[in-house]
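Enquirer: my questions concern the predicted model and sequence given below.
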Amino acid sequence: MPLTIHRCSRPQELASDAARMWLDLLRIHPQGKTFTVALSGGRIPNLLYAALLASDERRLLDQVDFFWGDERCVPPNHEESNYKLAAENLLVRLPSSKERVHRLRVEQGEEIALAEGESELRRSADESPSGQPIFDLILLGMGEDGHVASLFPNEDELLAGSPAVYRAVTGPKPPPRRITLGYATISSARRVWVLASGSGKENALRKSIAGDGNTPLARVLRSRENTDIFTDIALA
């Protein structure tokens, strides 16, 4: 499972490196073509947003269509909402059209959120030979149990192997009901970047990058030709 590890000394450096590389991608992205990204929640994305806004090239974000890798089933103004995190710390500062922001409307019910989320993504993204929408970039955090998006350990294999773009899940931590991208869609992305920070995640990261790892992140890594991991975790 080929992967590239970007070693950083602290969370701010991790976020700055990811922001710089994202803007580098946007600089060479075909002019006039939408760049699709899936955002994540958590502490590090907040630092990433700050680094993007601090750049003189943040105008490059005008060509981005924003989606989410997962969302908690809470109102959009709820403190646990991944949309709210991005809206308050990034999107409100960008001149991008509201039509480029594709939040998962979980307050309308899971079925509607799933259907609309997939439909909006397919209108913006290319399609793989297997019929999966292709993200230009998916940003993933990693939990201390190795989960990514809202894909948690010990999931039934039939569910984990589902080709669904988005699906509803029950997580082990509150708020439990969530909507998440599936493994198949994550695997089809042009680029997947994992932002992993904090010594408490060292064990999960080591297990994930081991050839026989059984964490959700390990499953993602095995399914792709290359994945980038940005981390301040000390690895031998």
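Expert: Here it is on my side, so go on. Numbering: from 1, shown residues only.
Enquirer: in the chain, where's the longest helix?
Expert: Ranked by residue count, the top helix of the chain under DSSP state H comes out as helix 11-28.
Enquirer: where in the protein is pLDDT low?
Expert: Filtered on pLDDT under 70, the chain yields the residue ranges 1, 236.
Enquirer: in it, which spans are strands?
Expert: Along the chain, the stretches classed as strands by DSSP state E are 3-7, 35-39, 64-68, 70-72, 126-127, 133-134, 137-141, 166-170, 177-181, 192-196, 227-231.
Enquirer: of the ones you listed, which is nearest Ser96?
Expert: Taking Cβ to Cβ, strand 64-68 is the member of those nearest to Ser96, at 7.0 Å. For glycine as for every other residue, the C-beta is placed from the backbone atoms N, C-alpha and C.
Enquirer: how far away from the center of its chain is the closest one?
Expert: Chain-centre distance of strand 64-68: 10 Å, with Cα atoms, centre = their mean, to the nearest Å.
Enquirer: who's in contact with the residue nearest the centre of the chain?
Expert: The centroid of the chain falls nearest to Leu139 when counting by Cα atoms, centre = their mean (3.1 Å). Neighbour list for Leu139: 18, 37-40, 45, 48, 69, 193, 195 [criterion: Cβ atoms under 8 Å, 6 or more residues apart in numbering].
Enquirer: can you rerun that using 6 Å?
Expert: 39-40, 193 (Cβ atoms under 6 Å, 6 or more residues apart in numbering).
Enquirer: that one bridge partners, please.
Expert: For Leu139, the beta-bridge partners are Trp193 (DSSP bridges).
Enquirer: now it: how far from Ser81?
Expert: 16 Å (Cβ to Cβ, to the nearest Å).
Enquirer: now do Gln63
Expert: Taking Cβ to Cβ as the measure, Gln63 falls 25 Å from Ser81.
Enquirer: higher neighbour count, the two?
Expert: Ser81 (24 against 16; other Cβ atoms under 10 Å).
Enquirer: wait, that one touches Val74, no?
Expert: Yes. The criterion here is Cβ atoms under 6 Å, and Ser81 meets it with Val74 at 5.4 Å.
Enquirer: ok, the nearest residue to Ala125 once chain neighbours are set aside - contacts?
Expert: Leaving aside its chain neighbours, Ala125 sits nearest to Pro133 (4.0 Å; criterion: Cβ to Cβ, 6 or more residues apart in numbering). In this structure, Pro133 makes contact with 121-122, 125, judged by Cβ under 6 Å, 6+ apart.
Enquirer: what's in contact with the longest helix of the chain?
Expert: In contact with helix 11-28 (Cβ under 6 Å, 6+ apart) are residues 6, 8, 44, 47-48, 51-52, 55, 57, 60, 197, 230, 232.
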